[in-house]
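Enquirer: here is the input, now give the coordinates:
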Amino acid sequence: MQLSLAGQVAVVTGASSGLGRGIAELFAEAGAAVVVNYHGGVEAAAEVVRGIEAKGGEAIAVQADVADPDAVARMFEAAAARFGAVDILVANSGIQQDAPFAEMTLQDWHKVISTNLTGQFLCCQAALRRFRAQGRRPHSRALGKILCMSSVHDRIPWAGHANYAASKGGIAMLMQSLAQEVAAEGIRVNAIAPGAIRTRINAGARAEGEAKMLDLIPYGRVGEPEDVARAALFLVSDLADYVVGATLYVDGGMTLYPGFRDNG
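Expert: Below you'll find the model as predicted:
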């Protein structure tokens, strides 16, 4: 059995940059047709599509705010109209709006929860409906595959980022509850929880002191988008057909609480 997505269609949200871009590009290399979702970066999304097509792959860019149910519905309709079906969802879109807890505005709270958690709910719901409507296809052992993008902060508290950590903790239980509910239909739902990865979302923290960040990573390096993309490819492939309701931590050991290496 090969690590192949030939004949399959993947919707990747937040795919115009960072982890989403890396996942979209690797999925295309593995044979999938890819829907490159973006919110505001139209040119960046177009660049991802051009890069995939230049290597012989298939992709389209589709604008949608994942917190808007009508926009999510249109995105899945566009995917099915262009490629005939949807086999894979990678619910990756995420943002940060950081503030000390007492100073965090309700708008800061709602914005992050709406994008990070409600957005995943809406995209997973749309994918589930699509999988059921189209029925089983010959390209995969599963009826459909959903991969939720979580974070090490579904386990590690993060002062000054309560909205973000709450959204990721919510994703962990959303994923497991959905996996439990739909596994009997042949739908596999899993999650990836990245640690520190070189993306735009943590560029500020890295600029302030990457050496300090490395103190939190036993493996001794900051991750790259391809580290997460390779894990994502495995989880949505038939090689992971018996993996259901699992969270794979791609974090260089960050969740091992490295502060306790010398007895705390």
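Enquirer: isn't there a strand covering Ala61?
Expert: Yes. Judged by DSSP: H, G, I helix; E, B strand; the rest coil, Ala61 forms part of a strand.
Enquirer: Ala67 touches Gly119, doesn't it?
Expert: Yes. With contacts counted by C-beta atoms under 8 Å, Ala67 reaches Gly119, the gap being 4.9 Å. Glycine gets a C-beta too; all of them are placed from N, C-alpha and C.
Enquirer: so where do the strands sit in the stretch 1-150 of the chain?
Expert: Remark: strands assigned in the stretch 1-150 of the chain by DSSP state E, counting those that start in this stretch are 9-12, 33-38, 59-63, 88-91, 144-149.
Enquirer: reformat the ones you listed as JSON lines; add mean neighbour count.
Expert: Listed next are these as JSON lines, based on neighbours: other C-beta atoms under 10 Å:
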{"stretch": "strand 9-12", "mean neighbour count": "28"}
{"stretch": "strand 33-38", "mean neighbour count": "28"}
{"stretch": "strand 59-63", "mean neighbour count": "21"}
{"stretch": "strand 88-91", "mean neighbour count": "29"}
{"stretch": "strand 144-149", "mean neighbour count": "27"}
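Enquirer: okay, these in JSON lines with distance to Pro138 and mean pLDDT next?
Expert: As requested, those are arranged in JSON lines below (distance: least, C-beta to C-beta, whole Å; pLDDT from 0 to 100):
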{"stretch": "strand 9-12", "distance to Pro138": "13", "mean pLDDT": "98"}
{"stretch": "strand 33-38", "distance to Pro138": "15", "mean pLDDT": "98"}
{"stretch": "strand 59-63", "distance to Pro138": "22", "mean pLDDT": "98"}
{"stretch": "strand 88-91", "distance to Pro138": "15", "mean pLDDT": "98"}
{"stretch": "strand 144-149", "distance to Pro138": "14", "mean pLDDT": "98"}
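Enquirer: out of those strands, which is closest to Ala79?
Expert: For Ala79, the closest of the strands of the stretch 1-150 of the chain is strand 33-38, at 4.5 Å, according to C-beta to C-beta.
Enquirer: distance from the chain centre to the closest one, please.
Expert: On the basis of C-alpha atoms, centre = their mean, to the nearest Å, strand 33-38 sits 12 Å off its chain's mean C-alpha point.
Enquirer: just checking, what packs against that strand?
Expert: strand 9-12, helix 18-29, helix 42-54, strand 59-63, helix 69-83 (3 or more C-beta pairs under 8 Å, 6 or more residues apart in numbering; DSSP states H and E).
Enquirer: ranking the ones you listed by burial, who's on top?
Expert: Mean neighbours per residue, mean count of other C-beta atoms under 10 Å, is largest over those for strand 9-12, with a mean of 28.
Enquirer: picking up where we left off before, and Ala67 and Gly119? Which one has more around it.
Expert: Gly119 (28 against 22; other C-beta atoms under 10 Å).
Enquirer: chain neighbours aside, what residue packs nearest to the more buried one?
Expert: Val66 (3.3 Å; C-beta to C-beta, 6 or more residues apart in numbering).
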